[in-house]
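Peer 1: give me a 3D structure for the following:
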Amino acid sequence: MKILVIHVSSRIGDSLLVTPLIETIKHKFKNCKLSLFAHKRMHVLFQNNSDIDDIDVISVKRSKYKGWSFIKKFDLAFVVIGPEETDTSLIKYALRVSKKVVSYDSNSQKINKRLYKIATKDFSKNTHIIDYYHSLTGALKINPSGKRVRFNSSTSELFSMQKVIASSAIKDCKVVLGLKITSLSSKSYRDWPFNNFIELSYLIGKEYSDIGFVMLGGLDEFDKLEKLSNKLDFPVLNLSGASLREIGSAINFLDLYIGVDTGFTHLVSSSDVPMVVLYHPLNPKEKYGPINHPDFHPIDCLEELIINTDKENMMATIGPEQVFEKISLALTGVIK
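Peer 2: Okay, here's the model as predicted:
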């Protein structure tokens, strides 16, 4: 049996959050050959995933011009459409290349009549995004086999990152903390104030020694992370600009992750590394946080403090002492 999963997102988190759905499909159809069509920048996130047999790239634009040979290459296709997406190009493509297609209500009777099953497009207040994706398999009466995000590093990738760390300033540190201080530029309201991270570092320095920091981020964050690094009285390894595969490998060498809600946070959630994560009310942990993570320490903005606060300033209501308290709790099992 040949199964196709189509999920085209240019965002790290959105891409990783579909991996539990893929696991469920593979668990149900154990002997199938599962192909994934993903975004050209995000397909690397799915490498070394044992649930996926083949990875290809596709875009909404390209899908309009592909699959016109009328050869049905797949027996079953799942088209993952985000809660806010309305474009039907990917569904139409799947209908051209697969005998049966499962997707969400397309708002087109003509298209819906051709779908094998239609999933409920419900992303209400109490629905987690992973459960929203699982409504596709739910349409086939298939229960989720797991809800943990998956990312797998190869042995060579881990060895390469180990060499990077061994030659860096943090090589002799007993405890290594990963730090992600910004979210997407388009969602900067989810960022915690820069000076709060500096104050947090002072609190950590008063209590702990032999600690090193790994700065995580994109190349566009390099200068900001260098500025923070220069203010820290700790050894630092700045990995801003490293590839997604390299960041994913570096996570395995962390003792604790501290960050805002962003794609790298979802990447860390694929591991068992303790996590301290700060959440904005517009992107609550109940909808986007890790599910079944063994050591997850979320921090929410207090409702009584944000009643008369605009969204850009809500994260400032979380104080450094509040975050430090969570860090101390998370490090209890790390520092003996």
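
Peer 1: the closest residue to Asp272 other than its chain neighbours: helix or strand, and which one exactly?
Peer 2: Setting aside the residues directly before and after it, Asp272 is nearest to Pro294 in space (CB to CB, 6 or more residues apart in numbering), at 5.4 Å. Where you see a C-beta, it was placed from the backbone N, CA and C, and this is true even at glycine. Following DSSP states H and E, one finds Pro294 outside all helices and strands.

Peer 1: wait, isn't Pro294 in contact with Val273?
Peer 2: No - taking contacts as CB atoms under 8 Å, Pro294 lies outside contact range of Val273: 9.7 Å.

Peer 1: so which of these two has more stuff around it?
Peer 2: Val273 (21 against 11; other CB atoms under 10 Å).

Peer 1: so where do the strands sit in the stretch 1-150 of the chain?
Peer 2: Taking DSSP state E, counting those that start in this stretch, the strands of the stretch 1-150 of the chain run over residues 2-7, 33-38, 54-57, 74-79, 98-104, 117-119.

Peer 1: between the second one and strand 2-7, how many degrees?
Peer 2: In other words, strand 33-38. 20 degrees (axes from the mean of the first three to the mean of the last three CA atoms, to 10 degrees).

Peer 1: quick one: find the helix or strand in this protein with the lowest mean pLDDT.
Peer 2: Lowest on mean pLDDT, DSSP states H and E among the helices and strands of the chain sits helix 303-306, with a mean of 70.

Peer 1: any low-confidence regions in this protein?
Peer 2: The chain contains residues with pLDDT under 70 at 304-305, 335-336.

Peer 1: got the buried residues for stretch 215-228?
Peer 2: 215-218, 221, 225, 228 (16 or more other CB atoms under 10 Å).

Peer 1: so how far is it off the chain centroid?
Peer 2: In terms of CA atoms, centre = their mean, to the nearest Å, the centre of stretch 215-228 is set 19 Å apart from its chain centre.

Peer 1: and Ser98, how far from Pro284?
Peer 2: 35 Å (CB to CB, to the nearest Å).

Peer 1: more crowded one of these two?
Peer 2: For Ser98 versus Pro284, the count of surrounding residues by other CB under 10 Å is larger for Ser98: 23 against 16.

Peer 1: contacts only, for the more buried one.
Peer 2: For Ser98, the contacting residues are 4, 72-77, by CB atoms under 8 Å, 6 or more residues apart in numbering.

Peer 1: now the strands for the stretch 151-300 of the chain?
Peer 2: With DSSP E, counting those that start in this stretch as the criterion, the stretch 151-300 of the chain has strands spanning 175-180, 211-215, 236-238, 256-260, 275-279, 296-300.

Peer 1: what residues does the second one touch?
Peer 2: With contact meaning CB under 8 Å, 6+ apart, strand 211-215 is reached by 169-170, 173-179, 204-205, 225, 228-229, 232, 234-240, 250, 253-254.

Peer 1: out of those residues, which end up buried?
Peer 2: 170, 173, 175-179, 204, 225, 228-229, 232, 234-240, 250, 253-254.

Peer 1: so what's the residue nearest to Leu254 when sequence neighbours are not counted up against?
Peer 2: Excluding the flanking residues, the one nearest Leu254 by CB to CB, 6+ apart is Gly178, at 4.3 Å. Listed by CB under 8 Å, 6+ apart, the contact set of Gly178 reads 213-214, 216, 250-251, 254, 256-259, 268, 273.
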